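1. when you get a sec, could you give me coordinates for this:
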Amino acid sequence: MAQNIKKVIIVGKTGNGKSSLGNSLLGMKLFKEGGGFNASSLSCQVEKKGQFEIVDTPGFFDTNQNRNVARQAEVILDSLKLCPEPHAFLIVIKYSRFTAEEVSVLDVLAITFGEQYIDHAIVVVTHVDNDVTDADFRDACRESHQVNELLKRCGRRVVRIDNKNPNREHITTLLKYIDQVSKDGKSCFNNDYLRCHDEVLRRSAQDLNKYDGMLVHEQVEQIATEIKTMVNEEITRAKKESEERAKREQEEREERAKREKEKREKKRKKMEEKEERDKEEKKQQKEKENKERNWNIALGLLGAGIVVGKLFLSR
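-> Residues are numbered from 1 along each chain as shown. Below you'll find the predicted structure:
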């Protein structure tokens with residue numbers, strides 16, 4: 001990770017202080033504060049400064065806007081185009097504004113990014129005055145069923161922030177959590193099936209009347225089912241392709257082995273034939289040598305007989 005850059009995506013409900021949190025981390029006001037999921041902030045914004053690369057996203061569940069969850073999730077998903085492979089997701093909730101929709105954000109993020117995001121999620125509670133003691137803050141969190149559920153699902157990773165006057169100690173705690181979920185920058189968020197999420201969300205967002213009258217959790221359940229179906233189909237297709245590829249590779253290995261065996265067999269036969277020819281040539285050569293030797297012996301004996309005959313006659 002070049003220069004230990006921390007890549008962060010900030011998400012949460014409208015009005016919870018996402019932009020001010022981003023500005024607090026950057027140390028200057030680069031994000032416009034006070035916006036919502038409306039025409040002026042209907043897109044993600046990325047800013048880079050120092051050790052941070054931060055994406056501020058439009059807020060969820062703006063009551064004055066279209067509550068088509070797929071449409072909102074599709075916009076949030078664009079954050080990955082601005083900041084690929086982020087190290088952390090900061091889920092922003094507002095102190096003393098704990099509602100059931102806070103937990104719903106987790107489900108919306110699951111259909112947006114996939115369940116894998118939760119391993120990189122950190123809850124940031126904003127608008128907590130520095131005068132509030134840590135004990136009072138913990139008690140407030142424990143007393144809220146919604147917050148308890150949120151923290152449980154996020155591994156109890158929670159940080160408090162006073163947006164107007166951020167405490168350096170709280171910022172340091174947040175940085176430690178970012179290093180923890182990213183394993184000091186070595187682990188980034190990744191989902192091999194993001195294409196499925198993108199396709200389902202885009203298709204659902206285009207059907208403006210599809211979710212008329214449906215509650216948020218009902219929309220999320222329907223979208224999650226569609227995504228799960230598509231992911232399973234993708235897994236099945238990938239498995240089939242893998243099995244077919246493995247089968248082809250096995251057949252190719254067997255064919256290569258067969259050719260190699262035939263090649264070795266052909267080579268062996270050639271060697272045997274050569275050995276047989278060499279053996280036959282040696283045999284013929286030996287027979288020839290024997291004939292020549294016998295012939296020479298015969299000639300020698302004949303010559304000796306002639307000499308003996310001449311000697312006998314000369315007497």
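
2. measure stretch 147-162 end to end?
-> 18 Å (CA to CA, to the nearest Å).

3. with just CA atoms, put stretch 260-279 into CSV.
-> C-alpha atoms of stretch 260-279 as CSV (Å, rounded to 0.1, in the frame of the first residue of the first chain):
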residue,chain,number,x,y,z
GLU,A,260,4.4,-40.3,-25.3
LYS,A,261,3.8,-44.0,-24.7
GLU,A,262,3.4,-44.7,-28.4
LYS,A,263,6.5,-42.7,-29.0
ARG,A,264,8.4,-44.7,-26.5
GLU,A,265,7.0,-47.9,-27.9
LYS,A,266,8.0,-46.9,-31.4
LYS,A,267,11.5,-46.0,-30.2
ARG,A,268,11.7,-49.4,-28.3
LYS,A,269,10.7,-51.3,-31.4
LYS,A,270,13.3,-49.5,-33.5
MET,A,271,15.9,-50.3,-30.9
GLU,A,272,14.9,-53.9,-30.9
GLU,A,273,14.8,-54.1,-34.6
LYS,A,274,18.3,-52.5,-34.7
GLU,A,275,19.6,-54.9,-32.1
GLU,A,276,18.1,-57.8,-34.2
ARG,A,277,19.7,-56.4,-37.4
ASP,A,278,23.0,-55.9,-35.6
LYS,A,279,22.8,-59.5,-34.2
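
4. same question for the helix or strand hosting Glu265, mean pLDDT?
-> According to DSSP states H and E, Glu265 maps onto helix 216-314. Rounded to a whole number, the mean pLDDT of helix 216-314 is 88.

5. now for it, which elements pack on it?
-> Other elements packing on helix 216-314 under the criterion 3 or more CB pairs under 8 Å, 6 or more residues apart in numbering; DSSP states H and E are helix 69-77, helix 100-113, helix 194-206. Placement of C-beta: from N, CA and C, glycine included.

6. would you confirm that Asp198 contacts Leu77?
-> Yes - using CB atoms under 8 Å, Asp198 is in contact with Leu77, at 6.1 Å.

7. who has more neighbours, these two?
-> Leu77 (20 against 17; other CB atoms under 10 Å).

8. the more buried one reaches Arg195, doesn't it?
-> No - if you go by CB under 8 Å, Leu77 and Arg195 don't touch, sitting 10.9 Å apart.

9. how far does stretch 129-148 stretch from one end to the other?
-> Stretch 129-148: ends 20 Å apart by CA to CA.

10. same question for stretch 31-46.
-> Note: stretch 31-46 ends 9 Å apart using CA to CA.

11. just the mean pLDDT for that stretch, thanks.
-> 68.

12. check stretch 168-188 too.
-> Per-residue pLDDT over stretch 168-188 has a mean of 94.
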